[in-house]
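> Starting from these lines, generate the structure:
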Amino acid sequence: MPAAEATDQRSIEAPNAVAVPGAHAAARRLLAEQLPILRAVARNLARNSMEVEDLVQDVYERALRQIDRIDLTANPRGWMVTVLHNLHIDRCRQRARMKPHVPHDDVPLAAPEAREAPIWASITTEDVRRAAAELPAELRDAYVMFALEGRSYIEIALALGIPKATVGTRLSRARARLKELLTAQLRGGHS
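Presented below is the predicted three-dimensional model:
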């Protein structure tokens, strides 16, 4: 394909594309000339110097990424100001959706008031052993093997010759009965 036809083909595929090799440098210069205006517009929108610079940098970055698609004969300044304005609006919307940031140093922490130890804090392992001795044999065996000897459900099931699911049921029933026994013991001892 001859060079003239290749240039025409590129302008058909992307009519706003820059076709000349040195055009990138010229486009960059043209975009860089807009920076003071972009900063002035950003200052009117943001009023925070850090945010102003962030907005201008983001606009310039987008312009450089799309340098081949920008029509430099049109109004690049207008395009960049529009992008800047839209970015600012997006950031305002994002901040509105976020909860306000409160530095952890500014949050007063109230120390919890000292409370009496709960009544169940005085239960010892020996109290649990005595209460477990009062359980029916089928519940006691499963509970002692699990809680006091540290055996697994499978080991208990094998030792007692019962299904694994039955071990879980017996442990649940044993815990409920122990709770009743220990609560009665605590009420009787602390009344």
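> Give me the helices and strands touching the longest helix along the chain, please.
Determined from DSSP state H, the single longest helix within the chain is helix 164-190. On a contact count with 3 or more CB pairs under 8 Å, 6 or more residues apart in numbering; DSSP states H and E, helix 164-190 meets helix 125-133, helix 137-143, helix 153-160. (Each C-beta comes from the backbone N, C-alpha and C, glycine too.)
> Any idea how many residues pack against the spatially closest residue to R39 that is not a sequence neighbour?
Across the structure, with CB to CB, 6 or more residues apart in numbering as the measure, the residue nearest R39 apart from its sequence neighbours is V56 (5.5 Å). Using other CB atoms under 10 Å, V56 is surrounded by 24 other residues.
> buried ones in the helix or strand harbouring V56?
Under the criterion DSSP states H and E, the helix or strand holding V56 is helix 49-65. Burial within helix 49-65, assessed by neighbour count using 16 or more other CB atoms under 10 Å, is assigned to 52, 55-56, 58-60, 62-63.
> neighbouring contacts of it?
Where contact means CB atoms under 8 Å, 6 or more residues apart in numbering, the residues beyond helix 49-65 that reach it are 28, 31, 35, 38-39, 42-43, 45-46, 70, 76, 79-80, 83-84, 87-88, 91.
> State the mean pLDDT of that helix.
Per-residue pLDDT over helix 49-65 has a mean of 89.
> Check the offset of that helix from the chain's centre.
Using CA atoms, centre = their mean, to the nearest Å, we find the averaged C-alpha position of helix 49-65 to lie 27 Å away from the chain's own average C-alpha position.
> CA atoms of that helix as PDB?
Below are the C-alpha coordinates for helix 49-65, written out as PDB (Å, rounded to 0.1, in the frame of the first residue of the first chain):
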ATOM      1  CA  SER A  49      -3.900  22.500  47.100                       C
ATOM      2  CA  MET A  50      -3.400  18.800  47.300                       C
ATOM      3  CA  GLU A  51      -6.800  18.100  45.600                       C
ATOM      4  CA  VAL A  52      -6.100  20.700  43.000                       C
ATOM      5  CA  GLU A  53      -2.800  19.000  42.000                       C
ATOM      6  CA  ASP A  54      -4.500  15.600  42.000                       C
ATOM      7  CA  LEU A  55      -7.300  16.800  39.700                       C
ATOM      8  CA  VAL A  56      -4.900  18.500  37.300                       C
ATOM      9  CA  GLN A  57      -2.600  15.500  37.300                       C
ATOM     10  CA  ASP A  58      -5.500  13.100  36.600                       C
ATOM     11  CA  VAL A  59      -6.800  15.200  33.700                       C
ATOM     12  CA  TYR A  60      -3.300  15.500  32.200                       C
ATOM     13  CA  GLU A  61      -2.800  11.700  32.600                       C
ATOM     14  CA  ARG A  62      -6.100  11.000  30.800                       C
ATOM     15  CA  ALA A  63      -5.200  13.400  28.000                       C
ATOM     16  CA  LEU A  64      -1.800  11.700  27.500                       C
ATOM     17  CA  ARG A  65      -3.400   8.300  27.400                       C
END
